Each structure stands twice: as structure tokens, then as C-alpha cells.
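A.B. asks: Turn this into a model:
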Amino acid sequence: MIDPTTAGWKPFQWHNDDFPALVGPFWSRREGESWAYGLLAAEKHRNIHGIVHGGMLAMFLDQTLGIACWEAAERNPLVTIQLNTHYISAAKPDEFLEARATILRTTRSLIFVRGQITVSDRIVAAADGVWKRLGA
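C.D. replies: This next block holds a predicted model:
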């Protein structure tokens with residue numbers, strides 16, 4: 001099993017009492033001008049087939065893409081209005097999942113983003129989405 005701290009990852013927590021805190025712990029690592037987010041998949045993340053649940057992967061993508069949008073919105077509030085998720089390969093408990101996002105376009109009221117989850121060089125899931133700036 002991987003120890004994220006030996007690869008430069010640091011614990012990351014959104015808030016103490018929100019949904020991501022229930023399914024973490026999550027990790028983060030600065031990569032140039034952007035961030036990567038990690039999750040060490042555990043037994044609690046698996047489905048009946050013994051692989052990481054698709055809902056867990058979608059939540060991880062939603063959080064990762066959402067953080068990138070939040071930064072692009074200068075840390076102003078926003079919400080997911082569309083998230084298209086594509087499941088490409090299975091992830092298993094004890095694998096370290098890494099998620100990254102790229103902002104594609106920003107407008108006055110919307111932010112378009114794309115990202116993916118990988119395990120080593122294997123793509124597990126990919127997503128693209130749209131976030132709405134609140135109040136815009």
C-alpha cells in the first residue's frame with residue numbers, strides 16, 4: 001500500500017463537517033500552477049463487486065473539478081450545474097487515485113472544466129462539466 005506522504009502529498013480537508021469529510025481522507029499536491037488531489041481507496045469505497053463505487057468516483061471528480069472552478073472564480077461561490085462522467089477502468093481498494101482538472105473556458109456566469117482520475121498511468125474515470133457562479 002502506498003504512503004502518500006512519501007510522494008509529496010499532504011492531507012487535504014474541505015471542511016470538518018461536510019460530505020467529503022465522510023468519505024476521505026483526501027490528499028493534495030501542488031504541481032506547477034495547478035493542484036492534484038488524491039484518495040487512497042479503502043474497503044469503505046467499494047461496491048458489491050469489490051471495486052471502487054462509481055458514485056465515489058463521480059463525487060471525487062465533482063470535488064476536484066469544483067475546486068479548480070472555485071479558484072478560477074477567485075474563490076467566489078459557485079455550484080455544479082452539469083457533470084458528465086465516463087467510467088473507463090476499475091479502481092480497487094488500496095490503490096491511490098489521483099485527480100486533476102483543467103479549466104477550459106470562463107464566462108461572466110459559467111466555468112467549463114475537464115478532468116480525470118488516474119491510478120499510475122491508467123485512466124479510471126474522466127469528466128467534463130459546467131459550474132455556475134452564484135450571483136452572476
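
A.B. asks: Can you tell me, leaving aside adjacent residues, what's nearest to Met56?
C.D. replies: In this structure, Met56 finds its nearest non-sequential neighbour in His45, 4.8 Å apart by Cβ to Cβ, 6 or more residues apart in numbering. C-beta here means a position set from N, CA and C on the backbone, and glycine is covered the same way.

A.B. asks: The closest residue to Ala72 other than its chain neighbours is in what secondary structure piece?
C.D. replies: Leaving aside its sequence neighbours, Ala72 sits nearest to Ile103 (Cβ to Cβ, 6+ apart; 4.9 Å). Assigned by DSSP states H and E, Ile103 belongs to strand 96-106.

A.B. asks: Can you give the strand pairings for that strand, parallel or anti for each?
C.D. replies: strand 34-40 (antiparallel), strand 110-119 (antiparallel) (DSSP bridges).

A.B. asks: Let me see the residues that make contact with the next helix or strand after the longest one.
C.D. replies: Going back to what we said before, that points to strand 110-119. Next helix or strand after strand 110-119 toward the C-terminus (DSSP H and E): strand 122-133. Contacts to strand 122-133, defined as Cβ atoms under 8 Å, 6 or more residues apart in numbering, come from residues 52, 54, 57-58, 61-62, 65-66, 69, 73, 76-91, 97, 104, 108-118.

A.B. asks: Give me the helix or strand of the protein that scores worst on average pLDDT.
C.D. replies: Taking mean pLDDT, DSSP states H and E as the measure, the chain has helix 19-23 as its least confident helix or strand, at a mean of 72.

A.B. asks: Is Leu61 part of a helix or strand, or is it coil?
C.D. replies: helix (DSSP: H, G, I helix; E, B strand; the rest coil).

A.B. asks: Can you report how many residues lie near it?
C.D. replies: Neighbour count for Leu61, taken as other Cβ atoms under 10 Å: 27.
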